[in-house]
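S.K.: Predicted model follows, preceded by the sequence.
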Amino acid sequence: MFVTFEGLDGSGKTTQVELLRARLEADGREVVTAREPGGTALGEELRKLVLHGGEMTPWAEALLYAAARAELVAEVVVPALARDADVILDRYLDSSVVYQGVGRGLGLEEVLELNLRAVGGLLPDRTFVLALDPARSVARVGGRPDRIERAAESFHASVAAAYERLAELQPERILVLDGSLLPEVLAARIHEELIGHGLRRRL
Ligand code: TYD
């Protein structure tokens, strides 16, 4: 099964990736996880450029994220799914659709199309959006924000609204959950949802 987590920075995605990994492994499954951008040698180089490099045009930004994603899918995701492992990603193409497509104004359809090409059309079985008030996201990031985190609060508000819109467009894949719930409560809800979606135990 291919599962992705989405949401604003500070919404608890990384915690949920780890909690889900633990549950699936306890069920006897092989689990592969990665964060985006990254997860491959080239991807980690691109991550440095796009998050900690200088200013760049919105299309350059979108293409760098798409390049990192193309590499991750070909090198990690497809081989893992082919050997029947589960794959959990901390962000995937929906991030580009909302941050670059809507936040940066490149167009939702245009950025989705670019990314579908980059990944050979591979969509997750299930995507969980952890919804969080944009003001709380900015507060939780704190310390040393990266290039995207430094964007104005209105940028993050448009990203949050775009996630809601995407979920309405693709309700069979994308589920929005309340990111302010206790991590364990959220993890149990996510696991239940995946069982309902056909996840089988392998013990
Ligand atoms: P992330 O790794 O979730 O941030 P952190 O390391 O702070 O937890 O993501 C890095 C940033 O990149 C985040 O602000 C969102 C942004 N991003 C995009 O704008 N487009 C994308 O396609 C992806 C994957 C991330």
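M.R.: Everything's here; your move.
S.K.: Identify all contacting residues around the lowest-mean-pLDDT helix or strand in the chain.
M.R.: Of all helical and strand segments in the chain, the minimum by mean pLDDT, DSSP states H and E falls on helix 134-141, at a mean of 76. Residues outside helix 134-141 that contact it (Cβ atoms under 8 Å, 6 or more residues apart in numbering) are 8-11, 132, 149, 153, 156-157, 159-160, 180. (Glycine included, C-beta is placed from N, CA and C.)
S.K.: Filter those down to just the ones in strands.
M.R.: Per DSSP state E, strands hold no members of the contacts of helix 134-141.
S.K.: If you go by neighbour count, which of those are buried?
M.R.: Among the contacts of helix 134-141, those buried by neighbour count (16 or more other Cβ atoms under 10 Å) are 8-11, 132, 149, 156-157, 159-160.
S.K.: Closest one of those residues to Glu55?
M.R.: Glu149 (14.8 Å; Cβ to Cβ).
S.K.: returning to what we had before: sort out for me which of the contacts of helix 134-141 are in helices.
M.R.: 153, 156-157, 159-160 (DSSP state H).
S.K.: and the residues you listed as CSV, adding pLDDT and distance to the ligand?
M.R.: As requested, the ones in helices among the contacts of helix 134-141 are exported to CSV (pLDDT from 0 to 100; distance: Cβ to the nearest ligand atom, whole Å):
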residue, pLDDT, distance to the ligand
Glu153, 84, 13
His156, 91, 9
Ala157, 93, 14
Val159, 96, 8
Ala160, 95, 12
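S.K.: So, low pLDDT: which residues of this protein?
M.R.: Low-confidence segments of the chain (pLDDT under 70): 138, 201-203.
S.K.: Within range of the ligand, give me the residues from it.
M.R.: Within reach of the ligand by Cβ under 6 Å from any ligand atom, the chain has these residues: 9, 35-37, 51, 65, 91, 95-96, 99-100, 146, 148-149.
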